[in-house]
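Visitor: Got a sequence here, can you model it:
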Amino acid sequence: MSSLRKATLWSGRLAVLSTVLFLSACAHPEAPGTIRDPYESRNRQIHEANKSLDRGVFRPVSTAYGKAVPRPVRSGVSNFASNLSLPGAMINSLLQFRPGDAVQNGTRFLINTTVGLGGILDPATRMGATKVDTDFGETLYVWGMREGAYVEFPVLGPMTERAMIGRAVDFAMNPLRPLANSEERNVMAGTGVLRGADARYENSDLVDSVLYESADSYAQSRQIYLDSRRHKLSRNQETDYFDPYEDPYEDPNAQ
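Guide: A predicted model of the protein is given here:
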């Protein structure tokens, strides 16, 4: 990649980051426990389309992948994809003023990339260097940007507006992408897809119960996403936790 092209890519990424910094500086925290869903009608339409896509494609593909590929192989692929996300997590930890998390993820990346054969194995966890899972959406949370409205996207599923911006910035700012050629980027994308298929297979009972057995799968998916995301961002602070098996329309007084 030429020096001019690299400079253009990074200048564009800095422009994205500067815009996000401006937006977060203008934001104010919102009350916890609220649900902002001004796009509910459209979200429900997309949710039904996503359910059809899951029923016709994602669930059968993930089931076939899970049954045909041994768990150690699937774990190796998922470990490899997870390892590729660590440099981005390190950058986000630094932006969140959490240098200890950045060091922990950096140590994990170094161990798993070398001793772990490029991240296929996970000796770092056994050595105490567990992954600190973070993203630019959490960085925006730390900076004080509001959660925004709840949005469901085709294929990608539930998100908030803040998480949506965070995902876009994470993709644009990934430090490994400029270093990879087209084939390597295809491998990165492919392992990410297989990691998602493995997660869908391993959590099939929970996902199926929410999507196909609840009274209102949209409302329950929304509640589960918002509560789990807020719980993650709170970093062990006291939060109300939502039971994913609880039907939000069930009468608590019914016997």
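
Visitor: which non-adjacent residue is nearest Tyr225?
Guide: Leaving aside its chain neighbours, Tyr225 sits nearest to Pro158 (3.9 Å; criterion: Cβ to Cβ, 6 or more residues apart in numbering). Where C-beta positions appear, they are placed from N, C-alpha and C, glycine not excepted.

Visitor: swap that for Val210, please
Guide: Gln220 (5.4 Å).

Visitor: could you say what helices and strands the helix or strand containing the one you found packs with?
Guide: In the assignment (DSSP states H and E), Gln220 maps to helix 217-234. If you count contacts as 3 or more Cβ pairs under 8 Å, 6 or more residues apart in numbering; DSSP states H and E, helix 217-234 packs onto helix 40-53, helix 136-143, strand 150-153, strand 157-160.

Visitor: name the helices or strands packed onto the longest one?
Guide: Think helix 40-53. Using 3+ Cβ pairs under 8 Å, 6+ apart, helix 40-53 sits against strand 150-153, helix 217-234.

Visitor: likewise the third one?
Guide: Of the remaining helices and strands, those touching strand 150-153 by 3+ Cβ pairs under 8 Å, 6+ apart are helix 40-53, strand 157-160, helix 161-173, helix 217-234.

Visitor: Now that strand: buried residues?
Guide: Tyr150, Val151, Glu152 (16 or more other Cβ atoms under 10 Å).

Visitor: swap in stretch 82-102?
Guide: Buried, per 16+ other Cβ under 10 Å, within stretch 82-102: 82-93, 95-96, 98, 101-102.

Visitor: Can you pull out the residues in contact with that stretch?
Guide: The contact list for stretch 82-102, computed with Cβ atoms under 8 Å, 6 or more residues apart in numbering, reads 105-106, 108-109, 112-113, 116, 118-119, 131-136, 138-139, 142, 170, 173-176, 188, 191-192, 195.

Visitor: just the buried members of the residues you listed?
Guide: If we count by 16+ other Cβ under 10 Å, the contacts of stretch 82-102 have these buried: 105-106, 108-109, 112-113, 116, 119, 131-132, 134-136, 138-139, 142, 170, 173-174, 188, 191-192, 195.

Visitor: Give me the phi and psi for Pro38.
Guide: phi -70, psi -10 (degrees, to the nearest 10).

Visitor: Excluding covalently adjacent residues, which one is nearest to it?
Guide: Ala149 is the one closest to Pro38 (Cβ to Cβ, 6+ apart), at 5.5 Å.

Visitor: per-residue confidence for Gln237?
Guide: Looking at Gln237, its pLDDT stands at 66.

Visitor: check contacts around Phe58.
Guide: Ala197, Arg200.

Visitor: what about 7 Å?
Guide: Counting by Cβ atoms under 7 Å, 6 or more residues apart in numbering, Phe58 makes contact with Arg200.

Visitor: Now do the same for it: helix, strand or coil?
Guide: helix (DSSP: H, G, I helix; E, B strand; the rest coil).

Visitor: low-confidence ranges in the stretch 1-150 of the chain?
Guide: 1-33 (pLDDT under 70).

Visitor: What segments of it are helices?
Guide: 3-25, 40-53, 59-68, 71-84, 86-95, 99-114, 123-126, 136-143 (DSSP state H, counting those that start in this stretch).

Visitor: Redo the ones you listed as JSON lines? Include distance to Ala199.
Guide: Converted to JSON lines, these look like this (distance: least, Cβ to Cβ, whole Å):
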{"stretch": "helix 3-25", "distance to Ala199": "28"}
{"stretch": "helix 40-53", "distance to Ala199": "16"}
{"stretch": "helix 59-68", "distance to Ala199": "8"}
{"stretch": "helix 71-84", "distance to Ala199": "8"}
{"stretch": "helix 86-95", "distance to Ala199": "18"}
{"stretch": "helix 99-114", "distance to Ala199": "19"}
{"stretch": "helix 123-126", "distance to Ala199": "17"}
{"stretch": "helix 136-143", "distance to Ala199": "18"}
